[in-house]
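Student: Predicted structure and sequence below. I'll ask about it afterward.
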Amino acid sequence: MKFEKKRASVKQEIPTASMPDIIFMLLLFFMVTTTMREVELLVDYRLPDAEALEKIENKRLVSYIWVGKDSRMQIDDSIVKVDDVQPIMYGKRQVIKNIIVSLRVDVGANMGLVTDIQQELRKAYCLRLNYSANVKI
Amino acid sequence: MLRKKRSLGASIPSSSMADIAFLLLIFFLVATVIDVDTGIGLTLPEYVPPDEIEEVKVDPDRMAAILINENGDVLLDGKPISLFQIKNTLKPRIISKIELPKKKKLIVSLKTDRKTVYSAYISALDQIKMAFFEVRDEYSNSRFGMKFNDLSDEGQTEVKNAIPIIISLAEPEAVK
């Protein structure tokens, strides 16, 4: 007796004709979601961890202030001093009314500096703050 | 002399289109950073020039004063506690004030030294926020049977009114 495997006489190929379309769709998705990095970071920092985090819903309103390990501050593309914070942020507030300032401060920074920045921000009427932090695992 | 025109099928070779698209796709995959900005939100008070500052007396029962010194030691209302006890110490105090009118809710005041490390400050702020968030969750659970984040807008406003997050950052002292 002969044993023969029964095989369905159907083509065993995955149709690849639509592959480019699928890939194009993925491509479009990523093209749309990609935001190119706008600023070049000049300071080195590590964010603290926290649990009670909130997401910033509206990214358009956010403006960043970086404070690095060596206590240098960066706004936009340049290193600034504490005294410069008020005029810069006031100018930004003229453009965006309800601006949110996101402070990206290194874990080891002194509170004195952070307090100074906060005082300057208060003078510039940028009152909405966000202390950037990573999710604690 | 007439030459017969041959009909040439003019077509762009499309077999490599998928590869090209793949390359582009990989580029954008690598370039994409989907980072959600997370952080602890806070609203600063308006700036008042030092000579115009009015001292407002607040009922000491309403205040929870947290002090952090440069070594990261924490004082809550004069009693030394650990940084990670702040949440559980504050929670009963927040709960006890839920039913009280708006002017009697708990105010948490946070004060640091100039030499305090930033991470200690953030941990303390985190603990305070957590205490408020947990009380909010418990309250909305007992009232609406849902977590605070799942509530409708009216529900959220109601809970927010019952448990407002009042964090006061102490006015920095002049450097001596």
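Tutor: Perfect, thanks for sending it.
Student: ok, the longest helix along chain B near chain A or not?
Tutor: Ranked by number of residues, the top helix in chain B under DSSP state H is helix B:118-144. Yes: interface with chain A: helix B:118-144 contributes B:118, B:119, B:121, B:122, B:123, B:125, B:126, B:129, B:130, B:133 (CB under 8 Å from any CB of the partner chain). The C-beta positions use only the backbone N, C-alpha and C, and glycine is treated the same way.
Student: Touching, the first one and residue A:111? I think so.
Tutor: The reference is to residue B:118. Yes: contact between residue B:118 and residue A:111 holds when scored by CB atoms under 8 Å: they sit 6.2 Å apart.
Student: circling back to that earlier point, in the next helix or strand after the longest helix of chain B, which of the residues would be classed as buried?
Tutor: Sequence-wise, the next helix or strand beyond helix B:118-144 is helix B:153-162, with elements assigned using DSSP states H and E. Within helix B:153-162, the residues that qualify as buried are B:156, B:158, B:159, B:162, counting by 16 or more other CB atoms under 10 Å in any protein chain shown.
Student: if we can go back for a sec, and the average pLDDT for the longest helix of chain B is what?
Tutor: Helix B:118-144 carries an average pLDDT of 89.
Student: Report all helices and strands that that helix contacts.
Tutor: Of the remaining helices and strands, those touching helix B:118-144 by 3 or more CB pairs under 8 Å, 6 or more residues apart in numbering or on different chains; DSSP states H and E are strand A:49-50, helix A:111-123, strand B:38-43, strand B:63-68, helix B:86-95, strand B:107-112, helix B:153-162, strand B:167-169.
Student: Nearest to residue A:72, out of the ones you listed?
Tutor: helix A:111-123 (10.0 Å; CB to CB).
Student: before we move on, the earlier item: which among the helices and strands packed on helix B:118-144 is found nearest to residue A:11?
Tutor: Judged by CB to CB, the one of those that comes nearest to residue A:11 is strand B:38-43, at 50.4 Å.
Student: any idea of the mean pLDDT in the closest one?
Tutor: This predicted structure assigns strand B:38-43 an average pLDDT of 86.
Student: got the angle between that strand and helix B:118-144?
Tutor: Orientation of strand B:38-43 against helix B:118-144 (axes from the mean of the first three to the mean of the last three CA atoms, to 10 degrees) gives an angle of 80 degrees.
Student: Low-confidence ranges, chain B, go.
Tutor: Counting by pLDDT under 70, chain B has low-confidence residues at B:1-7, B:34-36, B:172-176.
Student: Please list all residues in contact with the residue positioned nearest the centre of it.
Tutor: Residue closest to the average C-alpha location in chain B (CA atoms, centre = their mean): residue B:40, at 2.5 Å. For residue B:40, the contacting residues are A:50, A:52, A:53, A:54, A:130, A:131, A:133, B:122, B:125, B:126, B:129, by CB atoms under 8 Å, 6 or more residues apart in numbering or on different chains.
Student: so what's the residue found closest to it once you drop the neighbours it is linked to in the chain up against?
Tutor: Leaving aside its chain neighbours, residue B:40 sits nearest to residue A:131 (4.5 Å; criterion: CB to CB, 6 or more residues apart in numbering or on different chains). In this structure, residue A:131 makes contact with A:48, A:50, A:103, A:105, B:39, B:40, B:42, B:122, B:125, judged by CB under 8 Å, 6+ apart.
Student: Kindly indicate the member of the residues you listed with the most neighbours.
Tutor: Top of the contacts of residue A:131 by neighbour number is residue A:105, holding 29 neighbours under the definition other CB atoms under 10 Å in any protein chain shown.
Student: ok, back up a step: and the helices and strands packed on helix B:118-144: which comes nearest residue A:76?
Tutor: When these are compared by CB to CB, helix A:111-123 sits nearest residue A:76, at 15.0 Å.
Student: What is the closest one packed up against?
Tutor: So helix A:111-123, by 3+ CB pairs under 8 Å, 6+ apart, packs with strand A:62-67, helix A:82-95, strand A:100-105, helix B:118-144.
Student: Residue B:15 is nearest to which of the helices and strands packed on helix B:118-144?
Tutor: Across the helices and strands packed on helix B:118-144, the minimum distance to residue B:15, taken as CB to CB, is reached by strand B:38-43, at 45.1 Å.
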